[in-house]
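**Q** Output the structure for:
(chains A and B)
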Amino acid sequence: MKKESFFKTRIYPIIFMVVLTLVFISVVSGIYLSTKELVLLNESIFEKKAVLYAAGIDYPEDDTQKIEAVYEERVREVGGEEGRPSYFIVSLPSGETGYVVYTSGAGLWGEIVALFGLKTDMQTLTGVEFVQQNETPGLGARITEDWFKQQFRGKEGPFTMVEEGTADEPDELDAITGATRTSTAVLKIANNVFEVAEAKIKEGN
Amino acid sequence: MPARGKIKKTFFEPLGKNNPVFAQILGICSTLAVTNKLENTVIMCMGVLFTTSLSGFTISLIRKLIPSRVRMMAETLIIASFVIIVDIVLRAYVPDIWKQLGPYVGLIITNCIIMGRAEAFALNNPPGLSLVDGIASGLGYSYVLIVIAFFRELLGTGEIWGLPVLGDWWTNWSIMIMPPGAFFMLAIFVWVVKGVLIKESEEAAK
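**A** Model (predicted):
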């Protein structure tokens, strides 16, 4: 059998991999850089929509500029670091002042991060939006569905959870059938939010 | 240009008797993980289809330059690049679906079908044929997943593509959208398909 040259067996594969890597990295970076602004915009709009939703303020679903305008008018960001404000002061549709705060807790599969809107009495919720969750699709992930989120509006804590579809008291929340662990996690987060909010607002002032 | 018969064979084999999922039992991880909602499944399948076809094509294009010693590294690099492109594009243009798919898009890299086709086919065949093979493998994977997702979403939530189709009388089989449901559906699918296919090939052998 012919012995292959040192260049062919040792050097060429290295040169080949270096060149191949450079080519593909340039392509991928190019695409990344060209969509970077769009991704950042998506993220900022996503957060703004979430804050408005938690405060119960209506906004046009797909009109980026109008969302920005409503947000500018209604919301003031307070404190925080790394681009994520500590909390938001909002003027509610009723004319009152309200707060929106980030809070989080352990879900079934991963962390659940939510934005809660509260009135200044620190007892009444104006709404909730889940900004990050990895719950089971079709079961726990139903916390992101409208019927589940809408029920938080106007509810007064501390809360208890009742069987899906039976909540009618101001301190009762519908659980999700088949997602007991996720429901309990959300309940815990919701009951904790008043404490979290008070701490953040105290710190902010 | 390869013969028409060969193109036809390359295209139809992965759809039928050489299907990556139910014949080769590859890509099972994602088959189990992303089939509980039809919408997510379809986006996932599009990602896999894009990656299998283009990575097969690219690897085949440079197959004579790839030293056999580092061929796996080269294949992984090419496949990973295409997957990252899918991830970036989804993130920029359909952020809501990107959020739902979460880590699964990145995990296309580890889908054995893509690596398997690169090793078994793209390294030894011209680019055109490899592209056909990649598309066919992607489609073979996709239709199996879509069938499974259809039944899982229907039985598990009474909905198709998020729209309610079974009325209030239907009691959701929660187990169908949880991981065990995927094992049941996949096993039933393989059983049915193999029952039919094996019977046919046995009859042909007589």
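**Q** Please determine how far A:Gly56 is located from A:Val131.
**A** To A:Val131, A:Gly56 is 16 Å away according to C-beta to C-beta, to the nearest Å. No exception for glycine: its C-beta is placed from N, CA and C like everyone else's.
**Q** In chain B, mark out all the strands, start to finish.
**A** Per DSSP state E, chain B carries strands over the ranges B:159-160, B:163-164.
**Q** got a markdown table for those, with mean pLDDT too?
**A** Conversion of these to a markdown table gives the following (pLDDT from 0 to 100):
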| stretch | mean pLDDT |
| --- | --- |
| strand B:159-160 | 86 |
| strand B:163-164 | 85 |
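**Q** and chain A, which of these is closest to it?
**A** Closest approach to chain A among these (C-beta to the nearest C-beta): strand B:159-160, 8.6 Å.
**Q** Most tightly packed of the strands of chain B?
**A** Stretch with highest mean neighbour count among the strands of chain B: strand B:159-160 (a mean of 16; mean count of other C-beta atoms under 10 Å in any protein chain shown).
**Q** rewinding a little: okay, the strands of chain B in JSON lines with distance to A:Asn192 next?
**A** Output for those, formatted as JSON lines (distance: least, C-beta to C-beta, whole Å):
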{"stretch": "strand B:159-160", "distance to A:Asn192": "32"}
{"stretch": "strand B:163-164", "distance to A:Asn192": "34"}
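**Q** Contact residues of chain B facing chain A?
**A** B:36-37, B:40, B:62, B:65-67, B:69-70, B:73-74, B:77-78, B:81, B:84-85, B:88-89, B:91-93, B:95, B:100, B:102, B:153, B:156-157, B:172, B:174, B:177-178 (C-beta under 8 Å from any C-beta of the partner chain).
**Q** List buried residues within those.
**A** B:36-37, B:40, B:66-67, B:70, B:73-74, B:77-78, B:81, B:84-85, B:88-89, B:91-92, B:95, B:100, B:102, B:153, B:156-157, B:172, B:174, B:177-178 (16 or more other C-beta atoms under 10 Å in any protein chain shown).
**Q** In terms of secondary structure, what does the worst-scoring helix or strand of chain B on mean pLDDT contact?
**A** Between all helices and strands in chain B, the lowest mean by mean pLDDT, DSSP states H and E belongs to helix B:95-101, at a mean of 79. With contacts defined as 3 or more C-beta pairs under 8 Å, 6 or more residues apart in numbering or on different chains; DSSP states H and E, the packing partners of helix B:95-101 are helix A:12-55, helix B:38-61, helix B:71-93.
**Q** quick check: angle from the shortest one to helix A:12-55?
**A** This points to helix B:71-93. 20 degrees (axes from the mean of the first three to the mean of the last three C-alpha atoms, to 10 degrees).
**Q** tilt between helix B:71-93 and helix B:38-61?
**A** Put simply, helix B:71-93 runs at 140 degrees to helix B:38-61, going by the same axes, to 10 degrees.
**Q** From what I see, B:Ile97 and B:Asp87 are in contact.
**A** No: B:Ile97 lies out of contact with B:Asp87 (C-beta atoms under 8 Å); the separation is 11.7 Å.
**Q** Looking at those two now, which is surrounded by more residues?
**A** Neighbour count, other C-beta atoms under 10 Å in any protein chain shown: between B:Ile97 and B:Asp87, B:Asp87 has more, with 19 against 16.
**Q** Leaving out sequence neighbours, find the closest residue to that one.
**A** Distances taken as C-beta to C-beta, 6 or more residues apart in numbering or on different chains put B:Val105 closest to B:Asp87, at 4.8 Å, once the chain neighbours are dropped.
**Q** Show me the longest helix that occurs in chain B.
**A** Among the segments of chain B that qualify as a helix by DSSP state H, the longest is helix B:127-157.
**Q** Identify the residues contacting A:Glu43.
**A** B:Pro95 (C-beta atoms under 8 Å, 6 or more residues apart in numbering or on different chains).
**Q** and the residue positioned nearest the centre of chain A, what element?
**A** By C-alpha atoms, centre = their mean, chain A has its centre lying nearest to A:Val131, at 1.5 Å. Under the criterion of DSSP states H and E, A:Val131 resides in strand A:125-132.
**Q** what about the strands in chain A?
**A** Using DSSP E, the strands of chain A run over residues A:75-78, A:87-91, A:97-106, A:111-119, A:125-132, A:160-162, A:172-174.
**Q** I'd like to know which of those is closest to chain B.
**A** Of all the strands of chain A, strand A:125-132 comes closest under C-beta to the nearest C-beta, at 8.2 Å.
**Q** if I pick the closest residue to B:Trp170 other than its chain neighbours, what's in contact with it?
**A** Sequence neighbours aside, B:Gly158 is the residue nearest to B:Trp170 in space, at 4.4 Å (criterion: C-beta to C-beta, 6+ apart). Going by C-beta under 8 Å, 6+ apart, B:Gly158 touches B:Pro164, B:Val165, B:Leu166, B:Gly167, B:Trp170, B:Asn172.
**Q** Could you do B:Thr171 as well?
**A** If a contact means C-beta under 8 Å, 6+ apart, then B:Thr171 has no contacts.
**Q** and what of the one 5 residues further on?
**A** By C-beta under 8 Å, 6+ apart, the contact set of B:Met176 is B:Asn36, B:Phe151, B:Arg152, B:Leu155, B:Gly156, B:Phe184, B:Met185.
**Q** what about 7 Å?
**A** B:Arg152, B:Leu155, B:Gly156 (C-beta atoms under 7 Å, 6 or more residues apart in numbering or on different chains).
**Q** for those residues, which one is nearest chain A?
**A** Nearest member of the contacts of B:Met176 to chain A, counting by C-beta to the nearest C-beta, is B:Gly156, at 5.7 Å.
**Q** Was I right to think the closest one contacts A:Gly138?
**A** Yes: judged on C-beta atoms under 7 Å, B:Gly156 makes contact with A:Gly138 at a distance of 5.7 Å.
**Q** which neighbours do those two share?
**A** Applying C-beta under 7 Å, 6+ apart, one finds that B:Gly156 and A:Gly138 are jointly contacted by B:Asn36, B:Ile177.
**Q** Any regions of chain B where pLDDT drops low?
**A** Low-confidence segments of chain B (pLDDT under 70): B:1-2, B:198, B:200-206.
**Q** Pick out the residue closest to the middle of it.
**A** B:Tyr141 (3.0 Å).
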